[in-house]
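Visitor: Structure for the following, please:
(one chain, ligands or ions: 1)
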Amino acid sequence: MYRLLFRTVFCRMDPERAHHLAFSWIRRAAATPVLRTFAAAALAPRDRRLRVEALGRRMHGPFGLAAGFDKNAEGIDGLAMLGFDHVEVGTVTGSAQPGNPKKRLFRLVEDRALINRMGFNNEGAAAVAARLAARQPVFRPTLGVNIGKTKAVPESEAVADYVTSTEALAPHADYLVVNVSSPNTPGLRNLQATEHLRPLLTAVREAADRAVPARRVPLLVKIAPDLADEDIDAVADLAVELGLDGIIATNTTVARDGLGLTCAPELAAETGGLSGAPVADRSLEVLRRLYARVGDRLVLVGVGGVGTAEDAWRRILAGATLVQGYTAFLYEGPFWMRRMHRGLARLLAASPYATLAEAVGAEHRRQEGAA
Ligand SMILES: Cc1cc2nc3c(=O)[nH]c(=O)nc-3n(C[C@H](O)[C@H](O)[C@H](O)COP(=O)(O)O)c2cc1C
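Guide: Numbering: from 1, shown residues only. As a prediction, this is how the structure comes out:
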């Protein structure tokens, strides 16, 4: 049904318009009590064995919606209704900004991929904070807030910009993510270098504690798949040293290696971040490396090319406690989470592990056992 809708309606539309249309339908459904009750009952995770405890929260399952879909925190209930147990809104920047000129989102249908150079189009921290403060939630998924740098702010003032966002948004967040890995804000990914990352993460931690004295808001950093292995290790070590709560691996890639020959070459040449199936192998590799380095001292969130329950299971065995997706949601539609939950429950039942928590990082322990 969704595939037909995708082929006949969405695929003929500009991808960004299609996104806004689909998202408005989701929000409308969530605003209709009967519809949302039925939808949530059908789509929410049910299997008790999929329950996860992470970042100080009890969740019904490991799956969440990755940042970028709901940049301004406008449709949290609708996304929770579709079965996402955590929703990461943003990226939100210190000041509102329009993002890059359109056209800035491209579908690579044959590759189950997207290229985007949205450039953090968002309403800014104050407006998003006001929306979150006014929110009367119907559903209460774990709410992540992802923050990034305003484009017009020079790199030398980046810390202050992230602090502005933290002060406004931390009070509303179940967890906060420092995004230093989008390829679409010039210079942003330089902040992944530990000499920049250390003062940034320290300042954000302090700002979150100042803004929310009664509660320790978990803090994560989101990294790019294009980091060299030594840099991944350096970020992992820094995260442990600074007492961060987790790492999200990964954002989109500037590489174009994973694309099939079927992809129109003019699309592959578009600048921006590539997401979806072609980034899966590298995202998994980064995750594996992180877990080998930090074990269970940090919560690792696996994202990048997760499309099937098998993909998610591999991330969990490699060390992910939570798993996110964006691109596959666009291709798979509103029943995606239901399929993922059912598939994952089947894989868990067929495995030697009684709970998901036992399976997290299990491939590393198997290797140690075999060595
Ligand atoms: C259109 C689009 C916009 C995105 N915007 C953001 C963003 O604002 N902040 C962010 O941290 N990641 C953003 N991402 C990256 C995703 O959160 C995710 O890390 C990446 O797409 C890999 O996952 P996927 O293959 O499941 O899409 C965006 C991705 C897409 C496709």
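Visitor: where are the low-confidence patches of this protein?
Guide: For the chain, the stretches flagged by pLDDT under 70 are 1, 6, 9-11, 45, 261-264, 369-371.
Visitor: Looking at it, which residue is nearest the ligand?
Guide: Across the chain, the shortest distance to the ligand (C-beta to the nearest ligand atom) belongs to G68, at 2.2 Å. For the C-beta atoms, the positions are set from N, CA and C on the backbone; glycine is no exception.
Visitor: The residue nearest to that residue when sequence neighbours are not counted - how many residues pack around it?
Guide: The shortest distance from G68 to any non-neighbouring residue, by C-beta to C-beta, 6 or more residues apart in numbering, is to Y326 (5.9 Å). Using other C-beta atoms under 10 Å, Y326 is surrounded by 20 other residues.
Visitor: distance of Y326 from G56?
Guide: With distances taken as C-beta to C-beta, to the nearest Å, Y326 is found 24 Å from G56.
Visitor: next one: E241
Guide: As judged by C-beta to C-beta, E241 and G56 stand 21 Å apart.
Visitor: Nearest to the spatial middle of this structure, which residue is it?
Guide: Geometric centre of the chain, nearest residue: A66, 2.5 Å, by C-alpha atoms, centre = their mean.
Visitor: And the strands in the protein?
Guide: Using DSSP state E, the strands of the chain run over residues 52-54, 57-59, 63-65, 86-93, 105-108, 113-116, 142-148, 175-179, 219-223, 246-249, 273-276, 299-303, 322-325.
Visitor: what separates stretch 276-291 from the chain centre, distance-wise?
Guide: Taking the mean of its C-alpha atoms, stretch 276-291 sits 14 Å from the chain's own mean (C-alpha atoms, centre = their mean, to the nearest Å).
Visitor: In this model R140 seems to touch A80, though I could be wrong.
Guide: Yes - with contact defined as C-beta atoms under 8 Å, A80 and R140 form a contacting pair (7.5 Å).
Visitor: Give me the more crowded residue out of those two.
Guide: Remark: of A80 and R140, A80 carries more neighbours, 26 against 11, as counted by other C-beta under 10 Å.
Visitor: Contacts only, for the more buried one.
Guide: A80 makes contacts with 40, 87, 138-141, as judged by C-beta atoms under 8 Å, 6 or more residues apart in numbering.
Visitor: separation between it and A168?
Guide: In terms of C-beta to C-beta, A80 sits 23 Å off from A168.
Visitor: go on, V34?
Guide: Computed as C-beta to C-beta, the V34 to A168 distance reads 35 Å.
Visitor: Have a look at the two and say which one is more surrounded.
Guide: Remark: of V34 and A168, A168 carries more neighbours, 24 against 7, as counted by other C-beta under 10 Å.
Visitor: residues touching that one, list them.
Guide: By C-beta under 8 Å, 6+ apart, the contact set of A168 is 125-126, 128-129, 211.
Visitor: Include neighbour count when you put those residues into a markdown table, please.
Guide: A markdown table is the format used below for the contacts of A168 (neighbours: other C-beta atoms under 10 Å):
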| residue | neighbour count |
| --- | --- |
| A125 | 25 |
| A126 | 16 |
| V128 | 26 |
| A129 | 21 |
| A211 | 18 |
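Visitor: Show me what from the stretch 251-371 of the chain comes close to the ligand.
Guide: Neighbours of the ligand within the stretch 251-371 of the chain, by C-beta under 6 Å from any ligand atom: 251-252, 275-276, 279, 303-306, 325-328.
Visitor: at 5 Å instead, please
Guide: Neighbours of the ligand within the stretch 251-371 of the chain, by C-beta under 5 Å from any ligand atom: 251-252, 275-276, 303-305, 325-327.
Visitor: Who wins on neighbours among those residues?
Guide: Going by other C-beta under 10 Å, G304 tops those with 32 neighbours.
Visitor: you'd agree L105 is up against H19?
Guide: Yes - under the criterion of C-beta under 8 Å, L105 makes contact with H19 at 7.2 Å.
Visitor: Just list the residues touching the residue nearest to G68, thanks.
Guide: So Y326 contacts 65-69, 275, 303 (C-beta under 8 Å, 6+ apart).
Visitor: how many neighbours does H20 have?
Guide: If you count neighbours by other C-beta under 10 Å, H20 ends up with 11.
Visitor: before we move on, what about N179?
Guide: 28.
Visitor: just M118 next, same as before
Guide: 20.
Visitor: what's the answer for E88, then?
Guide: The local packing of E88 (other C-beta under 10 Å) involves 33 other residues.
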